[in-house]
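Participant: What would the 3D arrangement of this be:
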Amino acid sequence: MTDSQDTKDTAQAAAATPAGNPVAPSAAGTRTAADVVTPEVAARLTRGVVGSGKTANHTPFTGEKLADLPESTPEDVATAFERARAAQASWAKVPVRQRAAVLLRFHDLVLRRQAEVLDLIQLETGKARLHAHEEVQAVAVAARHYGRKAPSYLRPRGHTGVVPTLTKVTELRQPRGVVGQIAPWNYPFELSVGDALPAFVAGNAVVMKPDTETALTALWAREQLIEAGLPPEVWQVVIGDGPVVGPEVVKHADYVSFTGSTRTGREVAQGAAARLVGCSLELGGKNAMLVLHDADVEKAASGAVRGCFSSAGQLCISIERLYVHESIADDFVQRFAARTKAMRLGNALAYGADMGSLVGERQLETVTRHVEEAVAKGAKLVAGGKPRPDIGPLFYEPTILDGVEAPMAVCSEETFGPVVSIYRFSDEDEAVALANATPYGLNSSVWTKDGRRGRAVAARMRTGTVNVNESYAAGYGSVQSPMGGMGDSGLGRRHGSEGILKYTEAQTVAHQRIMPLAPSFGMNDEKYAQFMTRSLRAMKAFRLR
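Facilitator: Below you'll find the model as predicted:
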């Protein structure tokens, strides 16, 4: 090839690549979907699925089919619950420390074999490998926490009885039975097994419906947990369309765990309420980040990239609204935009890409509609704003919008994609009010050099978690503390004591000794009433609770 021909080909290749975010280079010999999801692997992982039909899942990177999967009918769901219920009785009799030990062994298996699940997460969700590793971290942290703390959370607790010394009271925690879990597609490892671990260690069985497109990741987790010592029948998996299989899971469950949209969450809550069973719901969000006037602008800009574009913004707790103090807004936007435009997009099963793909056509359509409508109504594109079919069918550049105003859809609707809107403020109270002016209340972020001030502002935010000088990972990763939503963002909490006790029924055992709570020892009604009156006064005087 001549030098002139080489130059010509290079120029043509450059012209064929759209101007915008760079593409992460792919190393030679990078694995493909066919290398990872072989027919043997698919058959092994789906062995535990209760399904008499047939369906398939696909990778967002290319749209190609990954594997054929069993599809569950309503009758299959009923069968799964029968099997789980039969196995749960024996599992609940296993001492809690032995159940907890299963989680600790699972922790080690996940870290040892993480390359396998990272490949599956990437193939099924399209996310960058570093973002997939966030799921590995979250699952390992949850397994370690409940593996260590479950015996303490679940231990019998003594309480003061109605008459001290005469009434011995013990609070027990009984498993609910069979938990029905409906897991989403965006974090298929963390939001499947991560939520199931406390249910298992509390003595429950689980019937899980993962999203069809990300079922292999959940099934890999099941395989590892069984190797760690979980009886196979205790974790049943059903696969199928949400409107068909989801209501059947709710119909049979003793408790329902759901993560997904607010609209579907309301339907799940209604189904559970009709049967008088409990539920926990982690739903949508329109999360805000506040950059106060004294924030470290460089650190805030870096944090905004993580907060807005991790997993291509397909994270319930990611940031979609950025409120920046007017005194630093121009500097912040400049730094934030520069970092955003430099993000490398990629689809390789390797580290190196800063952002991956959207997961499906519906997400791409929503992102495109929100951005195009905002620009048509006067918003300014600071970065991104276009799809990247040169990389894959569902890639969209990380996008920053300025000048967003109501009634633009992106102003109030959850986008669930790599799009963030910037708003300027002059008064801190105004910023808090604007951030809280949404029916959602899942996560928020506050940036300031003054930690005490940041925590004070955080306490005014109407969200289940608030991160000071971090976007979402600090709050979510601190698993001793509860995580969940306020308002339209859901009910209940994961993590901490609430994250495991929700999978139990509190039972009070009161043992009355020496004398009954009734006239006795020759006392008539009046004497007994006088005795109890004196006793109640004495208990108050001795500051009994």
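Participant: for the protein, what are the low-confidence residue spans?
Facilitator: 1-18 (pLDDT under 70).
Participant: Which SSE is immediately downstream of the longest helix anywhere in it?
Facilitator: For the chain, the helix with the greatest residue count under DSSP state H is helix 129-154. Per DSSP states H and E, helix 129-154 leads on to strand 157-160 as the next helix or strand towards the C-terminus.
Participant: Please name the strands paired to that following strand in the sheet, noting orientation.
Facilitator: strand 167-175 (antiparallel) (DSSP bridges).
Participant: for the helix or strand that comes right after the strand it pairs with, the distance to its chain's centre please.
Facilitator: Per DSSP H and E, the first helix or strand lying C-terminal to strand 167-175 is strand 178-182. How far strand 178-182 lies from its chain's middle: 15 Å, per Cα atoms, centre = their mean, to the nearest Å.
Participant: Then stretch 310-324?
Facilitator: Relative to its parent chain, stretch 310-324 has a centroid offset of 13 Å by Cα atoms, centre = their mean.
Participant: how about that stretch as PDB, C-alpha atoms only?
Facilitator: Output of stretch 310-324 as PDB, limited to C-alpha atoms (Å, rounded to 0.1, in the frame of the first residue of the first chain):
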ATOM      1  CA  SER A 310     -22.700   5.000  35.600                       C
ATOM      2  CA  SER A 311     -24.400   2.100  33.800                       C
ATOM      3  CA  ALA A 312     -25.400   4.700  31.200                       C
ATOM      4  CA  GLY A 313     -27.700   6.400  33.700                       C
ATOM      5  CA  GLN A 314     -29.800   3.300  34.100                       C
ATOM      6  CA  LEU A 315     -29.500   3.300  37.800                       C
ATOM      7  CA  CYS A 316     -32.400   4.100  40.100                       C
ATOM      8  CA  ILE A 317     -30.200   6.300  42.300                       C
ATOM      9  CA  SER A 318     -28.300   8.100  39.500                       C
ATOM     10  CA  ILE A 319     -28.400  11.800  39.200                       C
ATOM     11  CA  GLU A 320     -30.700  13.400  36.600                       C
ATOM     12  CA  ARG A 321     -31.000  17.000  38.100                       C
ATOM     13  CA  LEU A 322     -27.900  19.100  38.800                       C
ATOM     14  CA  TYR A 323     -28.400  22.300  40.900                       C
ATOM     15  CA  VAL A 324     -25.200  24.500  40.900                       C
END
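Participant: quick one: buried residues of that stretch?
Facilitator: For stretch 310-324, burial by neighbour count (16 or more other Cβ atoms under 10 Å) applies to 310-324. Glycine gets a C-beta too; all of them are placed from N, C-alpha and C.
Participant: out of these, who's nearest residue 479?
Facilitator: Of all those, residue 317 has the smallest distance to residue 479: 14.2 Å, by Cβ to Cβ.
Participant: beta partners of the closest residue to that closest one other than its chain neighbours?
Facilitator: Once flanking residues are discounted, residue 317 sits nearest to residue 443: 3.8 Å by Cβ to Cβ, 6 or more residues apart in numbering. Applying DSSP bridges to residue 443 gives these bridge partners: residue 465.
Participant: and residue 443, how many neighbours?
Facilitator: 29 (other Cβ atoms under 10 Å).
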